[in-house]
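Q: what's the 3D shape of this:
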Amino acid sequence: MKKNFINIDDFSKDQILRIIAISTNFKSGKVVSAGIRKRDSHNDKTGILIFEKPSLRTKLSFFKALNILGFDPIYFSPEEVGMGQRERIADMAKVVSKMSDLIILRTFKHETIEEFAANSSVPVINALSNQEHPCQALGDLLTITENIDTSLEEVKLTFVGDGNNVATSLAKAFSLLGGTFIHCVPQGFEIQEDQIDQIHKYNSKSNGQFILERDLKKATAETDFIYTDVWTSMGQESEKKDRLEKFKEFQITEEILTNSSGKFMHDLPANHGEEISEGLLDHPQSIVFDQAENRTWGQAGIIHYIFSD
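A: Numbering: from 1, shown residues only. Next comes the predicted model:
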């Protein structure tokens, strides 16, 4: 049975921890299991990347991850796609999956990925949709594990900003793993209610915590990680003026980091002078560029796990 990775909770706590371990081993150059090494495990396979939205880190990190595992990557740009326009999504899925072993989608609508996966005969990975960004969350968890000397259950992370796809996937991951996720956000921009319900459901089993906090200083003072993202995502450009006004008190500054021992994270690209003050990516507490690199290793772990028995 094919394994898809469309939502972060497609995998259980144990499966997520297994993927993090695989990713760590790939990054360190260790053999994951007998006969499984870099480059020699999937050298007869093809990975298709179909992107409706442009990308730097996602495209680059997936190309490298596929190359590490021995896949031949083939990329289709936004101009070449036309899913649901030139061709029905179901038809495209059936055709592409006949000629590939893995399909990686980056779309505007989450429903596009769900429909594509339902009609594909090979595994489908969500490389970003409007609802979730599960590969970002797995890479982030790898980065977090590299910066702690305790279990993930003991970790407290503060996410400052919009309740977008990144916040949703990471909050769900923390609820599965039993950590504490603090969401600091202005009213009206919270994670979607149905996703919050799922988060609370997972927390009831894992003893994790989801905390909604409006006060930036309080949310960031005693936390292990401070994470932020852009205030206006692709497709929300018409809302930018309103969002800049409503989020202006939620900027991460050097003062915020000085008053916290938490490591600083951002999934990039960053808008300097908006969600972060100038120079913050190079702050001593920043692990942003290590975080970006770990997209490669997290995705290598995901792909390897999907094809494991």
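
Q: CA only for contacts and neighbour counts going forward, please
A: Fine.

Q: Residue 104 bridge partners, please.
A: Partner residues in beta bridges with residue 104, using DSSP bridges, are residue 49, residue 125.

Q: That one contacts residue 128, correct?
A: No: counting by CA atoms under 8 Å, residue 104 sits too far from residue 128 to count as a contact (9.4 Å).

Q: Compare the two (neighbour count), which wins?
A: Set side by side, residue 104 and residue 128 show more neighbours around residue 128, with 27 against 23, by other CA atoms under 10 Å.

Q: give the contact list for the more buried one.
A: Shown here is residue 128, whose contacts under the criterion CA atoms under 8 Å, 6 or more residues apart in numbering are 105, 106, 107, 108, 134, 135, 165.

Q: Go through those residues and say which is closest to residue 46.
A: Top of the list for closeness to residue 46, among these and by CA to CA, is residue 105 at 14.3 Å.

Q: And that closest one, how far from residue 293?
A: The gap separating residue 105 from residue 293 is 20 Å, by CA to CA, to the nearest Å.

Q: who's more crowded, these two?
A: The residue with the greater number of neighbours, taking residue 105 and residue 293 and applying other CA under 10 Å, is residue 105; the counts read 23 against 15.

Q: got a pLDDT number for the more buried one?
A: Predicted confidence (pLDDT) at residue 105: the value is 98.

Q: I'd like to know which elements the lowest-mean-pLDDT helix or strand in the chain is packed against.
A: Lowest by mean pLDDT, DSSP states H and E among the helices and strands of the chain is helix 78-81, with a mean of 85. Under the contact definition 3 or more CA pairs under 8 Å, 6 or more residues apart in numbering; DSSP states H and E, helix 78-81 sits against strand 46-51.

Q: and residue 149, how many residues sit next to it?
A: Look at residue 149: counted by other CA under 10 Å, it has 10 neighbours.

Q: My reading is that it lies in a helix. Confirm?
A: No: if the criterion is DSSP: H, G, I helix; E, B strand; the rest coil, then residue 149 is coil and not within a helix.

Q: That one and residue 224: what is the separation?
A: Distance of residue 149 to residue 224, given as CA to CA: 11 Å.

Q: cool, residue 150 as well?
A: Following CA to CA, the distance that separates residue 150 from residue 224 is 11 Å.

Q: Could you do residue 284 as well?
A: According to CA to CA, residue 284 stands 15 Å off from residue 224.

Q: what do you get for residue 278?
A: Summarising the geometry, the distance separating residue 278 from residue 224, computed by CA to CA, is 22 Å.

Q: ok, those two, which is more surrounded?
A: Taking neighbours as other CA under 10 Å, residue 278 and residue 224 compare with residue 224 leading, 21 against 15.

Q: Tell me where the stretch 1-150 of the chain is predicted with low confidence.
A: In the predicted model of the stretch 1-150 of the chain, residues 30-41 satisfy pLDDT under 70.

Q: can you pull out the strands in it?
A: Along the stretch 1-150 of the chain, the segments classed as strands by DSSP state E, counting those that start in this stretch run 46-51, 72-76, 102-106, 124-126.

Q: right, so of those strands, which gets closest to residue 14?
A: Residue 14 sits nearest to strand 124-126 of all the strands of the stretch 1-150 of the chain, at 19.1 Å, using CA to CA.

Q: Run the chain-centre distance for the closest one.
A: For strand 124-126, the separation from the chain centroid amounts to 12 Å (computed by CA atoms, centre = their mean, to the nearest Å).

Q: helices or strands up against it?
A: strand 102-106.

Q: Buried residues of the longest helix along the chain, list them for me.
A: Longest helix in the chain, counting residues (DSSP state H): helix 288-306. Within helix 288-306, the residues that qualify as buried are 288, 291-292, 294-306, counting by 16 or more other CA atoms under 10 Å.

Q: what residue is smack in the middle of the protein?
A: residue 136 (1.7 Å; CA atoms, centre = their mean).

Q: Show the contacting residues for it.
A: Residue 136 makes contacts with 166, 267, 295, as judged by CA under 8 Å, 6+ apart.

Q: Sketch out the helices for the chain, chain order is fine.
A: Counting by DSSP H, the chain forms helices over residues 13-28, 57-69, 78-81, 89-98, 110-119, 134-146, 165-177, 193-206, 216-221, 240-247, 254-258, 288-306, given from the N-terminal end onward.

Q: closest to residue 45 out of these?
A: Residue 45 sits nearest to helix 57-69 of all those, at 9.5 Å, using CA to CA.

Q: on contacts alone, who are the packing partners of the closest one?
A: strand 72-76, helix 288-306.
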